[in-house]
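Peer 1: build the 3D model from these lines:
(one chain, ligands or ions: 5)
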Amino acid sequence: MTDVKQEKKPDSFGFVDVLRVLGGVIFLNAFLSWWFTSSSTWGYDGKWINTSYLAHRITNNFVNLTLEELSLFNGTDSRLPIYVAVNGSVYDVSASRGIYGPKGSYRMLSGKDAARVYVTGCFRNPAEYTYDLRGLDEEEASHDVKEWQIFYEHHPKYWLVGHVQHEVIQGEPPEPCEHVKFPGYHAPRSH
Ligand code: HEM
Ligand SMILES: *[C@@H]1O[C@H](CO)[C@@H](O)[C@H](O)[C@H]1NC(C)=O
Ligand SMILES: *[C@@H]1O[C@H](CO)[C@@H](O)[C@H](O)[C@H]1NC(C)=O
Ligand SMILES: *[C@@H]1O[C@H](CO)[C@@H](O)[C@H](O)[C@H]1NC(C)=O
Ligand SMILES: *[C@@H]1O[C@H](CO)[C@@H](O)[C@H](O)[C@H]1NC(C)=O
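Peer 2: Ligands and ions are numbered 1, 2, ... in the order given. Modelled structure (predicted):
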């Protein structure tokens, strides 16, 4: 008998196996979640599983819209996302079509930069849906604008998509109105 050395392949655990295990774990997780919660993500439906948001995060692409372009994103065209803007910053709020879509209670905010009405709350006056902040208390305006920008940017379902170029404001600012603040509002600290 010839002594043939059996060359046994070492048990190697390669890249493909890592992928297999990973795929299995992901599938098992999704299956268990679906089994227990009827959702494959344990009920999570925030922006981190939205392909639009992930694509935006990966490409780091920010839009730079004119006011006219922004107006297309007011929810009327259901193929397009819904955008709102607060003093130049544009946010994707498509996840709340019920609030910002054509039948939503805040539909008037969509497709435009209505920074002023975020500060005054004078929703009945169409002239308030503008980024013209002239005549407002500066501290109140910058406080409220910042708060709403933070609200949209850090919201579990909304995100910053880019910016809108403001046109030069002409004419007089809207008449002063009695401000209405949302429940639980904290006024800016006065010095
Ligand atoms: C400066 C004043 C105000 C501003 C700028 C404002 C703005 C908004 C915005 C942007 C949303 C949607 C939030 C989201 O995307 O989840 C919202 C929701 C809401 N606001 Fe206001 N709001 C104001 C005052 C008020 C007041 C005074 C009330 C009631 C007394 C009110 C009641 C509500 C309710 C009930 C919702 C939920 C709407 C829904 O889920 O369909 N808001 N508000
Ligand atoms: C993900 O984002 C897109 C575009 O903004 C939006 O139309 C869609 O409703 C979102 N999907 C979910 C599941 O929230
Ligand atoms: C946006 O576009 C305009 C012209 O289309 C340009 O003047 C402006 O610098 C751009 N802004 C940014 C932040 O890229
Ligand atoms: C949205 O914008 C389009 C085109 O600018 C307009 O025809 C439509 O009436 C607007 N819809 C709402 C709800 O304002
Ligand atoms: C609004 O945006 C302009 C331009 O970026 C900035 O100079 C101004 O301070 C902002 N106003 C408020 C109230 O945030």
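
Peer 1: so how far is ligand 4 from Asn50?
Peer 2: 23 Å (C-beta to the nearest ligand atom, to the nearest Å). For glycine as for every other residue, the C-beta is placed from the backbone atoms N, C-alpha and C.

Peer 1: cool, Asn74 as well?
Peer 2: Between Asn74 and ligand 4 the computed distance is 4 Å (C-beta to the nearest ligand atom).

Peer 1: ok, the residue nearest to that residue when sequence neighbours are not counted - contacts?
Peer 2: For Asn74, ignoring the flanking residues on the chain, the nearest one in space by C-beta to C-beta, 6 or more residues apart in numbering is Gly111 at 2.8 Å. Applying C-beta atoms under 8 Å, 6 or more residues apart in numbering to Gly111 gives the contacts 70-75, 82-84.

Peer 1: and which of those is nearest to ligand 1?
Peer 2: Nearest to ligand 1 among the contacts of Gly111: Val84, at 7.4 Å, using C-beta to the nearest ligand atom.

Peer 1: name the SS class of Val90, please.
Peer 2: strand (DSSP: H, G, I helix; E, B strand; the rest coil).

Peer 1: how near is it to Leu67?
Peer 2: Distance of Val90 to Leu67, computed by C-beta to C-beta, to the nearest Å: 11 Å.

Peer 1: with neighbour numbers in mind, choose between the two.
Peer 2: With neighbours defined as other C-beta atoms under 10 Å, Val90 and Leu67 compare such that Val90 has more, 23 against 15.

Peer 1: helix or strand right after the helix or strand bottoming out on mean pLDDT in the chain?
Peer 2: Of the helices and strands making up the chain, the lowest-confidence element is helix 15-37, at a mean of 94, by mean pLDDT, DSSP states H and E. Using DSSP states H and E, the helix or strand that follows helix 15-37 in sequence is helix 51-59.

Peer 1: where does pLDDT dip in the chain?
Peer 2: The model of the chain has pLDDT under 70 over residues 1-10, 190-191.

Peer 1: again, 90 this time
Peer 2: Under the criterion pLDDT under 90, the flagged ranges of the chain are 1-13, 37-45, 184-191.

Peer 1: what does it have sitting close to ligand 5?
Peer 2: The chain comes close to ligand 5 at residues 87-88, 133, 141-142, 145, as judged by C-beta under 6 Å from any ligand atom.

Peer 1: buried ones among those?
Peer 2: With neighbours counted by 16 or more other C-beta atoms under 10 Å, the residues of the chain next to ligand 5 contain buried members at 87, 133, 141, 145.

Peer 1: on that earlier part again, buried sites along the least confident helix or strand of the chain?
Peer 2: For helix 15-37, burial by neighbour count (16+ other C-beta under 10 Å) applies to Ser33.
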